[in-house]
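Peer 1: here is the input, now give the coordinates:
(one chain, ligands or ions: 1)
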Amino acid sequence: IKNKSKQLAKQSQPIAHSAVLGAGIMGGGIAYQSASKGTPVVMKDIAQSSLELGLNEASKLLNGQINRGRSTPEKMAKVLNNITATLDYSAIKHCNITIEAVVENPKVKSQVLQEVEQHTSTDSIIASNTSTISIDYLASHLTHPQRFCGMHFFNPVHKMPLVEVIRGQHTSDETLATVVHYANKMGKTPIIVNDCPGFFVNRVLFPYFSGFNQLVVDGADFVQIDNVMEKQFGWPMGPAYLLDVVGIDTGCHAQKVMADGFPQRMSLPSADIMKLMFDSQRLGQKNGQGFYQYI
Ligand code: NAD
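Peer 2: The predicted structure is shown next:
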């Protein structure tokens with residue numbers, strides 16, 4: 001991967017302006033990361049309340065840095081100045097890259113990606129932060145699929161170094177090179193992966209969630225499981241807390257995609273803890289109650 005990245009670096013185009021669609025957990029995080037590493041970003045959503053949440057999250061992170069003596073009010077103002085929050089597509093016109101981070105729904109994403117194509121020039125790049133939806137499927141709705149790929153960040157974006165750059169069947173080398181370059185500029189570690197259900201990380205993560213599900217069904221206490229994984233095994237968080245951070249809705253959807261993609265290895269559990277949580281609208285940190293209570 002490293003050798004390929006070096007070869008590709010020669011073909012990359014500079015990114016002076018970027019855009020993010022969706023100001024939720026991920027979109028807000030990606031916009032903050034881009035702005036704080038010096039690339040101005042347009043953050044577009046369909047709801048004013050989401051834009052405000054996205055900006056508030058960025059302010060919280062920046063205030064935290066000031067409190068820890070790692071930033072100053074001047075630097076904070078500069079970063080916030082780099083984020084243009086909008087409900088209007090016209091602001092993305094001059095962006096060199098647009099990263100789509102709207103809800104994990106194939107129809108909504110396909111529609112949004114087509115809209116991006118209509119509002120950007122043909123030499124700008126479009127990337128999707130989808131966790132599970134096939135890049136080739138999304139590309140099939142585009143007129144210029146060569147300028148499209150996956151750019152999968154992890155939550156929380158400002159802390160997690162990895163970015164999966166997903167190559168679709170039609171993704172050009174130049175597109176990959178530019179996205180790899182931009183990920184590096186954002187302070188991230190990109191890896192290039194082929195298009196398949198779950199890409200790389202979720203192929204590792206979902207069998208783990210499946211093991212967690214089975215333990216709970218067999219009578220284990222999820223708090224104890226988290227404690228063991230965190231305190232004894234040394235992971236930063238256990239599976240129940242991680243699912244709360246990711247969002248139970250997002251997790252449920254991804255679990256289904258994995259089950260459809262690998263029916264023999266990843267079939268849906270007959271007693272499905274994530275589905276039970278989803279049905280009772282315990283969505284995790286995003287609505288204040290998941291495995292744990294947050295309000
Ligand atoms: P979220 O529900 O927090 O945010 C989604 C945002 O998209 C909302 O603000 C919503 O208003 C906005 N939106 C919906 N339709 C839109 C449209 N047509 N145009 C513009 N904005 C629109 O979701 P999230 O957790 O940030 O997930 C976003 C994407 O990132 C999904 O594809 C998800 O699979 C992926 N992802 C999520 C995580 C995670 O841990 N949550 C991790 C990696 C990738």
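Peer 1: only C-alpha atoms from now on, for both contacts and neighbour counts.
Peer 2: OK.
Peer 1: now find how far off-centre the helix or strand hosting residue 165 is within its chain.
Peer 2: Remark: residue 165 resides in strand 162-167, with elements defined by DSSP states H and E. Relative to the chain's own centre, strand 162-167 is displaced by 10 Å; criterion: Cα atoms, centre = their mean, to the nearest Å.
Peer 1: and that strand with the ligand, contact?
Peer 2: No: Strand 162-167 stays clear of the ligand (Cα under 6 Å from any ligand atom), getting no nearer than 9.5 Å.
Peer 1: buried residues in the helix or strand that that strand is followed by?
Peer 2: Sequence-wise, the next helix or strand downstream of strand 162-167 (DSSP H and E) is helix 173-185. Neighbour counts using 16 or more other Cα atoms under 10 Å place 173, 174, 175, 176, 177, 178, 179, 180, 181, 182, 183, 185 of helix 173-185 among the buried residues.
Peer 1: about what we covered before: and the strand holding residue 165, which strands flank it?
Peer 2: strand 148-152 (antiparallel), strand 189-194 (parallel) (DSSP bridges).
Peer 1: of those strands, flag the one that's most buried.
Peer 2: Across these, averaging neighbours per residue (mean count of other Cα atoms under 10 Å) puts strand 148-152 on top, at a mean of 29.
Peer 1: in CSV, could you pull the C-alpha coordinates for that strand?
Peer 2: C-alpha atoms of strand 148-152 as CSV (Å, rounded to 0.1, in the frame of the first residue of the first chain):
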residue,chain,number,x,y,z
PHE,A,148,-15.5,9.2,-7.7
CYS,A,149,-14.2,6.9,-4.9
GLY,A,150,-14.9,6.1,-1.2
MET,A,151,-13.2,8.1,1.5
HIS,A,152,-14.1,6.4,4.8
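Peer 1: gap between it and the chain center?
Peer 2: 10 Å.
Peer 1: for residue 231, give its distance to residue 210.
Peer 2: For residue 231, the distance to residue 210 (Cα to Cα, to the nearest Å) stands at 21 Å.
Peer 1: for these two, indicate the residue with more neighbours.
Peer 2: Neighbour count, other Cα atoms under 10 Å: between residue 231 and residue 210, residue 210 has more, with 20 against 12.
Peer 1: contacts for the helix or strand harbouring that one?
Peer 2: Assigned by DSSP H and E, residue 210 belongs to helix 201-217. Residues outside helix 201-217 that contact it (Cα atoms under 8 Å, 6 or more residues apart in numbering) are 131-132, 197, 222, 239, 255, 258, 266, 269, 271-274.
Peer 1: just put those in CSV and tack on secondary structure.
Peer 2: Formatted as CSV, the contacts of helix 201-217 follow (DSSP: H, G, I helix; E, B strand; the rest coil):
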residue, secondary structure
131, coil
132, coil
197, coil
222, helix
239, helix
255, helix
258, helix
266, coil
269, coil
271, coil
272, coil
273, helix
274, helix
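Peer 1: out of these, which two sit at the greatest distance?
Peer 2: 197 and 222 (27.1 Å; Cα to Cα).
Peer 1: for whichever residue of the stretch 151-295 of the chain sits closest to the ligand, grab the count of nearby residues.
Peer 2: Closest contact between the stretch 151-295 of the chain and the ligand, by Cα to the nearest ligand atom, is at residue 246 (3.4 Å). For residue 246, the count of nearby residues is 20 (other Cα under 10 Å).
Peer 1: lovely, talk soon.
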